[in-house]
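> Build me a structure from this.
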Amino acid sequence: MPFLSFVASCGIPSTQIHRIPSSKLNDVYRNHALILESQKKRTRNEAWVRMISASTFNENGNENGNENENETGSDANNQEPPRFSPKGMTVDELFTRSVGTWKSQRSSHNLLWQHVEQGESEIIVESLEHDDATVADICAMYNVEPRPRKVENGDEYPHICQCCRMSWEGSSDWEKDEVLSGSTIMVVIKDGPYHGRLLRSVGYAESIPAIGSWVMRPDDGMFVLETSYDRAAAEERIWFVTPNMRMRVALIKTQSGIGVINASLSTEIRKMS
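Residues are numbered from 1 along each chain as shown. A predicted model of the protein is given here:
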């Protein structure tokens, strides 16, 4: 909003500006500057929302969009892009969508030390074949058949459905001079349509091999993982907001799983290039 228009909206005629005391005029200038800054922030937020919405449309749009546009004419242009919904997402789809490179921003609250930590990292998720040597090693550790069972008439349980490697590198404002990095192999076993086990070469709460129990909630597409360690327990929840944005909540609990020691929230956005 131009300054004169802002002054007019305040009920001050432009011809009377020279009669306003300098202290009052300074207040008007400051208010005008605050409004301009607010408008800039709103424009940036709207641009961010359009970017996320565009990526959602590109992910879920019709592959034959050009043909449909020719058939329907201008009506197709008036249709809203399909909205992404994680409802009904399977564990296979969640891990398939997770493959890629992600920029993660994490806020963590340590209840024991009453400390808030901010961190960011880059996460790379790579799909692995069932016959990969690293997959065979972790399966042997837990006496699990590394190859998926041949299914002829419907699903046969238990069976391995997904294998991947997740690596990360990042930093924290708690330990600014230290680079936090690592990797883990994950093997997803389905014991039923919506539940199973997750084998990891390196756990979340402790840097040791771990096996957890997961549940995939079809009503909201949330993956819930619970893992017990030697000295603690962890609960992790992961879900997609859009095809290129996912959320992760992690709780570190006491060994009994009752008291919460640490809680964190991570926002992860896919790197498109």
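> So which residues of this structure form strands?
Remark: strands assigned in the chain by DSSP state E are 100-110, 115-127, 159-172, 180-190, 195-200, 210-217, 222-228, 233-242, 245-253, 260-270.
> Run through the stretch 1-150 of the chain and note the low-pLDDT ranges.
Residue ranges of the stretch 1-150 of the chain with pLDDT under 70: 1-78, 146-150.
> For Ser167, grab the count of nearby residues.
Ser167 has 13 neighbours, counted by other CB atoms under 10 Å. In short, each C-beta sits where N, CA and C put it, glycine included.
> tally of neighbours for the closest residue to Lys87 other than its chain neighbours?
Once flanking residues are discounted, Lys87 sits nearest to Gly221: 5.6 Å by CB to CB, 6 or more residues apart in numbering. As a burial measure, Gly221 scores 19 neighbours (other CB under 10 Å).
> How about the one 10 residues further on?
Here the count is done by other CB under 10 Å, and Arg231 has 8 residues near it.
> Report the contact partners of it.
206, 255 (CB atoms under 8 Å, 6 or more residues apart in numbering).
> okay, it: pLDDT?
Looking at Arg231, its pLDDT stands at 86.
> picking up where we left off before, shouldn't the residue nearest to Lys87 be in contact with Trp239?
Yes: under the criterion of CB atoms under 8 Å, Gly221 makes contact with Trp239 at 5.6 Å.
> got any residues that touch both of those two?
Pro86.
> circling back to that earlier point, and the strands of the chain as CSV, adding distance to Gln79?
Formatted as CSV, the strands of the chain follow (distance: least, CB to CB, whole Å):
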stretch, distance to Gln79
strand 100-110, 29
strand 115-127, 33
strand 159-172, 34
strand 180-190, 37
strand 195-200, 38
strand 210-217, 30
strand 222-228, 29
strand 233-242, 19
strand 245-253, 23
strand 260-270, 26
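> closest to Asp92 out of those?
strand 159-172 (5.4 Å; CB to CB).
> so what strands line up beside that closest one?
strand 115-127 (antiparallel), strand 180-190 (antiparallel) (DSSP bridges).
> Can I get those strands in CSV including mean neighbour count?
Formatted as CSV, the strands paired with strand 159-172 follow (neighbours: other CB atoms under 10 Å):
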stretch, mean neighbour count
strand 115-127, 15
strand 180-190, 18
